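[1] How does the following fold in three dimensions:
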Amino acid sequence: MNSPTPVSASDHFWLEIKKYLNRKQGLLSAARAIRAIWLLGPWRKLLVKYHQRFNHNEPLPRTHNSLFQELNVDVAVNSLRSNGYSPGLQLPESQIAELLQFSNGSNKRKHRNPHLFCEPVRQIAHDPKIIEVASRYLGAEPILYQTDLYWTYPTTDEEKYQRLLAQKSRFHYDVGDFRSLAVFIYLTDVADDCGPHVVIESTHQTKSAWNLLSRFLTDQAAKQKYGDRIRVITGKQGFGFFEDLTCYHKHSVSRKTRLALTITYMLQRNPL
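    Numbering: from 1, shown residues only. Okay, here's the model as predicted:
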């Protein structure tokens, strides 16, 4: 078993800051707004170009053969640029079986960064076609920031279910980097009652001042402003898609158990 990687002094400092802010909701909201303004404000395009031009990221290792032979990189990148997301991934059955075996053999609800110890996840995260989409969309050699393999369990308590519905009925966008990209793969069938991912198409572009001050958008506001652009993403086992995380999105409350894998790539932000 590998020894834990030592935490650097700078990483330890930022982890302590995050812990402190999580205990101070007012400060946390203010910090998030400042971060959103810095990363996604009117100077965003200039800073993206700067990091693309002076990129010094170490090349990500690629596996020799892609698991996604039918993935059209051009189509995926063009769809991301115009819509902020791109469906069309399909994980082979052999990898699905291995990931289910790994997940069912563990008592954990969630694995953080399983690409470090689970070979099927590593193969996906380092797939040459996946990385090609990430590098072309980000405009530079991407940083593999994080992977997550997690179960979503429904509640049998109707009162809690209704409370979760109220909590989860807000869309949001993520503020990870000047530009970031995620890969989502469903490892169980996901229908409307299985907690599908929901994204609002083409909301990854310029954010207004009001949007930068708050990352959240209620269902009602989303329907009024973007009604014809809300996409509920369902799919069979192994179905996957790319998404720019600055698109408004949310995870629906589920009536059934769901297993999903997410892989996040960044332009210049290194993982803690």
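[2] show me what contacts residue 256?
    154, 191, 193, 194, 195 (C-beta atoms under 8 Å, 6 or more residues apart in numbering). In this view, the C-beta of every residue, glycine as well, is placed from N, C-alpha and C.
[3] Produce a ChimeraX select command limited to the buried residues of those.
    A single ChimeraX command selects the buried members of those (16 or more other C-beta atoms under 10 Å):
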select :154,194,195
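[4] would JSON lines of the contacts of residue 256 with pLDDT and secondary structure be doable?
    Shown next, in JSON lines, are the contacts of residue 256 (pLDDT from 0 to 100; DSSP: H, G, I helix; E, B strand; the rest coil):
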{"residue": "154", "pLDDT": "79", "secondary structure": "coil"}
{"residue": "191", "pLDDT": "95", "secondary structure": "coil"}
{"residue": "193", "pLDDT": "89", "secondary structure": "coil"}
{"residue": "194", "pLDDT": "90", "secondary structure": "strand"}
{"residue": "195", "pLDDT": "87", "secondary structure": "coil"}
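[5] buried set for the longest helix seen in the chain?
    Secondary structure of the chain read by DSSP state H shows that its longest helix is helix 25-40. Residues of helix 25-40 classed as buried by neighbour count (16+ other C-beta under 10 Å): 32, 36, 37, 39, 40.
[6] which ones are touching the fourth one?
    Spelled out, it's residue 39. Counting by C-beta under 8 Å, 6+ apart, residue 39 has contacts 175, 176, 177, 178.
[7] is it fair to say the last one lies in a helix?
    No: counting by DSSP: H, G, I helix; E, B strand; the rest coil, residue 178 is located in no helix; its state is coil.
[8] Would you report the backbone torsion angles of residue 209?
    Residue 209 adopts backbone torsions of phi -60, psi -40, taken as degrees, to the nearest 10.
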